[in-house]
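Asker: Here's my sequence, what's the structure:
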Amino acid sequence: MMPLTILIVDDEINIRKTLSVFMESRGHRVKAVSNSRDALAEAEQQVFDLAFVDVRLGTESGLDLVQSLLHVHSWIKIVVMTAYASIDSAVDAMKRGASDYLSKPFIPAQLELVTERLAKVCSMELRLASLQDHLNTLHPEANFSSRYPAVQRSVELARQVATSEALVLLRGASGTGKTALARAIHNWSYRKEKPFGVVSCPSLSAELLESELFGHTKGAFTGAIKDNQGRVRSCEGGSLFLDEIGDLPLSIQPKLLRFIQDREYERVGDHLTQKADVRIIAATNKNLEKEVSEGRFREDLFYRLNVIPIDLPPLAGRPDDVELLAGNMLKFFAAQNHKTLSGFTEAALFALRTYSWPGNIRELRNVVERAVILGQTESIGVELLPVTLFVKQPSVSLGDPFSLAVIEEQHIRRILASTTSLQKAAELLGIDQATLWRKRKQYKI
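Answerer: Residues are numbered from 1 along each chain as shown. Predicted structure coming up:
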């Protein structure tokens, strides 16, 4: 059973103590209170998975508290307890949103059964939410196999730190797979059953970014028509990935530092301090040391983030990895588009291996996906690759295992792509236009 955060609301101290000891002995985190006011105050400050609520709380009704708790956390599971059980009260509790009903006195086996069942429901809901969130953003490049020691060392380090609570800072150029590795670190960790959230720091203004991170109250600013819990709260117990943190506005940096150090924050427009248990994974394509020296990034925040730095090398100079990644992506997109493809032609593979890939893995993904969508034959040929792959290519190494015909084809394609007429291309190639015409027909250019 996954550990739950449980709220117990009962005006009898013996019941609170008994339930608390029982739940804590099974690894759950427990907070016990005696009245509705304290229950709602606790729910405002932290996220609860499950609540046990007594129907009679002195002069208050526990059934009214059910609706109030669900208003704060719509996903919370509530078990109503009463010594005055009746069918009517059970039906009323379910109508108000309770998940189950226990008659007092109850035995440990009953508690065990109810808790285990609702823990499974919580786990299933989290998995479904995560699947729904990422259904349209699948990552076929999240295969971290590599034939290059630098990449192997980075992935191995990521696996080692995944099971710790240490902050991780992923460093690398745009498109090197930082988001995919951050997601993998979460999935390799003990938090994998909890949510994984992503916030892109450059995508929003400072005010909207603060709201996206920490949430806001209704009316906190123009356009805030309802409360927003924020990504920190929605990722309770899980991981939050801050992409391109080097672009985080200076005004938000001290608030993030405080959250990292104390796990405390306030929503925009709210003075109530809240707590959350969320692991931070950050990524940057900037030199943060330089950003610190030039006053654009706080030094204290940098040192808190730079606990475990992991570098992701660019794709340039890794032709074997290009071939490996392209093959995996081809299988993925072929299945997604209901096509049967055998692979790349020799010429297409040569073009992929010799291109410099300034956009790294993201650019490779786009090239392969486009080729699969447009392809009408059982293999991907050079005619399906964008012309940019044949312009300003590096010189071919004599050790590359390709035939002279393939090298000739690629050279002709590069010349044709960089000239404005067949006559100019023929002159640069040192052949007449008739020969160039035959070569174009031969290579289907």
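
Asker: Strands of the stretch 251-400 of the chain, residue ranges please.
Answerer: For the stretch 251-400 of the chain, the strands defined by DSSP state E, counting those that start in this stretch occupy 264-265, 274-275, 279-284, 308-311, 343-344, 379-380.

Asker: Among those strands, show the one with the smallest mean pLDDT.
Answerer: Among the strands of the stretch 251-400 of the chain, strand 274-275 carries the lowest mean pLDDT, at a mean of 90.

Asker: So which residues make contact with that strand?
Answerer: Residues outside strand 274-275 that contact it (Cβ atoms under 8 Å, 6 or more residues apart in numbering) are 44-46, 233, 263-267. Where you see a C-beta, it was placed from the backbone N, CA and C, and this is true even at glycine.

Asker: now with 7 Å?
Answerer: Applying Cβ atoms under 7 Å, 6 or more residues apart in numbering, the contact partners of strand 274-275 are 44-46, 263-266.

Asker: which of those has the most neighbours?
Answerer: residue 265 (22 neighbours; other Cβ atoms under 10 Å).

Asker: in which helix or strand would I find the closest residue to residue 127 other than its chain neighbours?
Answerer: Distances taken as Cβ to Cβ, 6 or more residues apart in numbering put residue 193 closest to residue 127, at 7.6 Å, once the chain neighbours are dropped. For residue 193, there is no host helix or strand (DSSP states H and E).

Asker: Next one: residue 193, what pLDDT does it get?
Answerer: Reported pLDDT for residue 193: 86.

Asker: isn't it right up against residue 4?
Answerer: No - Residue 193 lies out of contact with residue 4 (Cβ atoms under 7 Å); the separation is 10.9 Å.

Asker: Those two: which has the busier surroundings?
Answerer: Set residue 193 next to residue 4 and count neighbours by other Cβ under 10 Å: residue 4 wins out with 21 against 15.

Asker: In contact with the nearest residue to the more buried one once chain neighbours are set aside, which residues?
Answerer: Leaving aside its chain neighbours, residue 4 sits nearest to residue 49 (4.2 Å; criterion: Cβ to Cβ, 6+ apart). For residue 49, the contact set (Cβ under 7 Å, 6+ apart) comprises 4-6, 76-77, 122.

Asker: let's see 10 Å
Answerer: The contact partners of residue 49, by Cβ atoms under 10 Å, 6 or more residues apart in numbering, come to 2-7, 28-29, 73, 75-77, 118-119, 121-123, 125-126, 194, 236-237.

Asker: Residue 301 and residue 207: what is the separation?
Answerer: For residue 301, the distance to residue 207 equals 19 Å [Cβ to Cβ, to the nearest Å].

Asker: before we move on, what about residue 199?
Answerer: Counting by Cβ to Cβ - residue 199 and residue 207 are separated by 14 Å.

Asker: if we can go back for a sec, what do residue 193 and residue 4 both touch?
Answerer: Common neighbours of residue 193 and residue 4 (criterion: Cβ under 10 Å, 6+ apart): 122-123, 237.

Asker: follow-up on the earlier one: go ahead and confirm the residue nearest to residue 127 touches residue 3.
Answerer: Yes - between residue 193 and residue 3 there is a contact at 9.4 Å, judged by Cβ atoms under 10 Å.

Asker: overlap in contacts of the two?
Answerer: Common contacts of residue 193 and residue 3 (Cβ under 10 Å, 6+ apart): residue 237.

Asker: that older thread, filter the shared contacts of residue 193 and residue 4 down to just the ones in helices.
Answerer: The members of those that map onto helices under DSSP state H are 122-123.

Asker: what about the nearest residue to residue 157 once chain neighbours are set aside, how many residues close to it?
Answerer: Excluding the flanking residues, the one nearest residue 157 by Cβ to Cβ, 6+ apart is residue 310, at 5.5 Å. For residue 310, the neighbour count with other Cβ under 10 Å is 22.

Asker: and if you look at residue 147?
Answerer: Neighbour count for residue 147, taken as other Cβ under 10 Å: 12.

Asker: again, but for residue 284
Answerer: 23.

Asker: returning to that earlier point: residue 301 and residue 207: who's more crowded?
Answerer: Neighbour comparison, residue 301 and residue 207: the larger count goes to residue 301, with 23 against 17 (by other Cβ under 10 Å).

Asker: how far away is the closest residue to that one other than its chain neighbours from residue 197?
Answerer: Of all residues not flanking residue 301 in the chain, residue 257 sits nearest, at 4.6 Å (Cβ to Cβ, 6+ apart). The gap separating residue 257 from residue 197 is 19 Å, by Cβ to Cβ.

Asker: For the two, indicate the residue with more neighbours.
Answerer: With neighbours defined as other Cβ under 10 Å, residue 257 and residue 197 compare such that residue 197 has more, 21 against 17.

Asker: pretty sure residue 408 contacts residue 439?
Answerer: Yes - at 7.7 Å, residue 408 counts as touching residue 439 under the criterion of Cβ under 10 Å.

Asker: what's the overlap in contacts for the two?
Answerer: residue 429.

Asker: Quick one: find the helix or strand in this structure with the lowest mean pLDDT.
Answerer: None of the helices or strands of the chain scores lower by mean pLDDT, DSSP states H and E than helix 404-418, at a mean of 72.

Asker: Run the chain-centre distance for the helix or strand following that one.
Answerer: The helix or strand immediately downstream of helix 404-418 is helix 422-429, counting by DSSP H and E. Put simply, helix 422-429 sits 50 Å off its chain's centre (Cα atoms, centre = their mean, to the nearest Å).

Asker: Run through the neighbouring helices and strands of the following helix or strand past helix 422-429.
Answerer: Moving toward the C-terminus from helix 422-429, the next helix or strand (DSSP H and E) is helix 433-443. Packed against helix 433-443 by the contact rule (3 or more Cβ pairs under 10 Å, 6 or more residues apart in numbering; DSSP states H and E) you find helix 404-418, helix 422-429.

Asker: can you give me the angle the first one makes with helix 433-443?
Answerer: Which is helix 404-418. Helix 404-418 runs at 110 degrees relative to helix 433-443, counting by axes from the mean of the first three to the mean of the last three Cα atoms, to 10 degrees.

Asker: again, but for the shortest one
Answerer: Angular relation of helix 422-429 and helix 433-443 on a 0 to 180 degree scale: 90 degrees, by the same axes, to 10 degrees.

Asker: What residues of helix 422-429 count as buried?
Answerer: For helix 422-429, a neighbour-count test (16 or more other Cβ atoms under 10 Å) marks 425-426, 429 as buried.

Asker: Report all helices and strands that that helix contacts.
Answerer: Secondary-structure packing of helix 422-429 (3+ Cβ pairs under 10 Å, 6+ apart): helix 404-418, helix 433-443.
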